[in-house]
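Enquirer: sequence first, then the predicted structure:
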Amino acid sequence: MLRILSLLVLIAHPAAAADTPQVLLQRMKAWLEPKQANTRQLAMTIRSGTQVAEWTAAQARGSADGGNYVLTVLLSPADVRGTAVLIQEQPGKPTLEWIYLPALRRVRQILPVNEFDAFLNTEFTYADFGFVNLGDRALKGLGPITVDGLAGTQVQETPTDRRTFVRIVTSVVPETGQPLKREFYDVANRLWKVETFENVGDVHGVPTVQRVRMEDIQTGYGSEYRVSQIAYGVTIPKELFDPGQLPRAADSPLWR
């Protein structure tokens, strides 16, 4: 009888066994990175003590020649206009990243050791504008958590390369993969930064986060971007994902 009851429990909850830490993060990656090519506008705020800066940017996500790409390009103010970061995700290969800085007038490839450097002195890194990395890390489930009234579960990520973060604790809604927050711990295992995902709305049938905040707990500084003018299923010119075209990315008619 006990064996029969155990079988009934397994049949009644078939998804429970599948919700491993790896599955939860894969679900989050799929939630954050819809398959449809898309564009969006970003309104960025950078807060350093009493100083506040406002930027606008455009972003395009899509695929070309077997790789997935994210292009982020600053449109204003004038002193940062044209700054562009291109990130390419290749199946089974390391992520490639390039940056164009108008002041230097050249495209530079970002080395893997620098992908967690600050993006233009914000609390975001270059990697934060790219893809969720599911490799090169050990995963461990930490159990349930409630974030702003939403029931989630926590996954601890321990990267193989711990020069920047020794661990990352991710809170996610298990049924959908919606991210709630990510907590980053420095090399001394102190809480360093907290990334939160807010204002989720349905855009053309795709659940989309419309505000992302990154707070530096140790300094009190913070950066955020708010998403608008989201378009899914758009046609993105292939050349926009060409590193050699980054100096002209800000002038693309796609942003008009």
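Expert: Yep, it's here. Numbering: from 1, shown residues only.
Enquirer: so what's V200 bridging to?
Expert: Residues in a beta bridge with V200, per DSSP bridges, are V209.
Enquirer: may I ask you to confirm that it is in contact with R211?
Expert: No - contact between V200 and R211 fails when scored by C-beta atoms under 8 Å: they sit 9.0 Å apart. Where you see a C-beta, it was placed from the backbone N, CA and C, and this is true even at glycine.
Enquirer: what separates the residue positioned nearest the centre of the chain from V70, distance-wise?
Expert: By C-alpha atoms, centre = their mean, the mean C-alpha position of the chain lies nearest to D128, the distance being 4.6 Å. Using C-beta to C-beta, to the nearest Å, one gets 11 Å for the distance from D128 to V70.
Enquirer: check T170 too.
Expert: In this structure, T170 and V70 are separated by 19 Å, where distance is defined by C-beta to C-beta.
Enquirer: of those two, which one has the most company?
Expert: The neighbour comparison of T170 against V70 (other C-beta atoms under 10 Å) goes to T170, with 24 against 19.
Enquirer: so which strand or helix has the more buried one?
Expert: Applying DSSP states H and E as the criterion places T170 in strand 167-172.
Enquirer: which elements pack onto that strand?
Expert: With contacts defined as 3 or more C-beta pairs under 8 Å, 6 or more residues apart in numbering; DSSP states H and E, the secondary structure elements packing on strand 167-172 are helix 21-32, strand 137-147, strand 150-159, strand 179-185.
Enquirer: TSV for the ones you listed, including mean pLDDT and mean neighbour count?
Expert: Rendered in TSV, the data for the helices and strands packed on strand 167-172 read as follows (pLDDT from 0 to 100; neighbours: other C-beta atoms under 10 Å):
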stretch	mean pLDDT	mean neighbour count
helix 21-32	95	18
strand 137-147	94	13
strand 150-159	95	18
strand 179-185	97	21
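Enquirer: which strand residues bridge S63?
Expert: Taking DSSP bridges, one obtains N68 as the residues bridged to S63.
Enquirer: right, and it touches P34 too?
Expert: No - using C-beta under 8 Å, S63 and P34 do not qualify as a contacting pair, with a distance of 11.8 Å.
Enquirer: quick one, which of the two is more surrounded?
Expert: Relative neighbour count places P34 above the other of S63 and P34, with 17 against 14, counting by other C-beta under 10 Å.
Enquirer: for that one, which non-adjacent residue is closest in space?
Expert: V206 (5.3 Å; C-beta to C-beta, 6 or more residues apart in numbering).
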